[in-house]
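In: using only what follows, build the 3D model:
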Amino acid sequence: LISSATKSLRMEMEILEKKLQDAQMKVAEKDGDKEKEIQSLKRLISELEFQLTMEKSNNESFLDKLRKEIKHKSDELEKLTQEKTQLIHSLSQVQEENSVLQDTVRRECEERFELTAALGRAREQVLELRRLSGALP
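Out: Numbering: from 1, shown residues only. Predicted structure coming up:
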């Protein structure tokens, strides 16, 4: 009876040892799969970190480029504003000069008209004098 019980216990122990080995193999297999997955995730994280670093670098480069372009455009705008101010000043001077010239032309035309009228009167007087002098001996 003891021998039979011992034999039965040994068989049960062998079965349990086999189950334990199977369970240990499954755990080891799962651990291996998990380790592979961890390594894969680590690689993915490294790649994403690299991409993030590259994107940051590209963004900083782009921002620097935009800042330089804004500075250039700002300088250009300032220069154009100064040119505009100078052109407005020049236009004002030209308009003032034009006004003075128009006034001068108007006065000269008035003088010419007066001189022409005086010349016409003088001609009439000369003709009148010639006519009168022609009637006298």
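
In: for this structure, what are the low-confidence residue spans?
Out: 136-137 (pLDDT under 70).

In: which stretches in it count as helices?
Out: Counting by DSSP state H, the chain has these helices, from start to end: 2-135.

In: burial check on residue 118, number of neighbours?
Out: Using other CB atoms under 10 Å, residue 118 is surrounded by 10 other residues. Every C-beta, even on glycine, is put in place using the N, C-alpha and C of the backbone.

In: and the one 3 residues further on, by the same measure?
Out: By the measure other CB under 10 Å, the count of residues near residue 121 is 10.

In: same check, this time on residue 128
Out: By other CB under 10 Å, the residues close to residue 128 number 10.

In: could you do the one 4 residues further on as well?
Out: Here the number of neighbours of residue 132 (other CB under 10 Å) works out to 9.

In: next one: residue 67 from residue 73, what distance?
Out: Distance, residue 67 to residue 73, by CB to CB, to the nearest Å: 11 Å.

In: shared neighbours of the two, anything?
Out: With CB atoms under 8 Å, 6 or more residues apart in numbering applied, the contact sets of residue 67 and residue 73 do not overlap.
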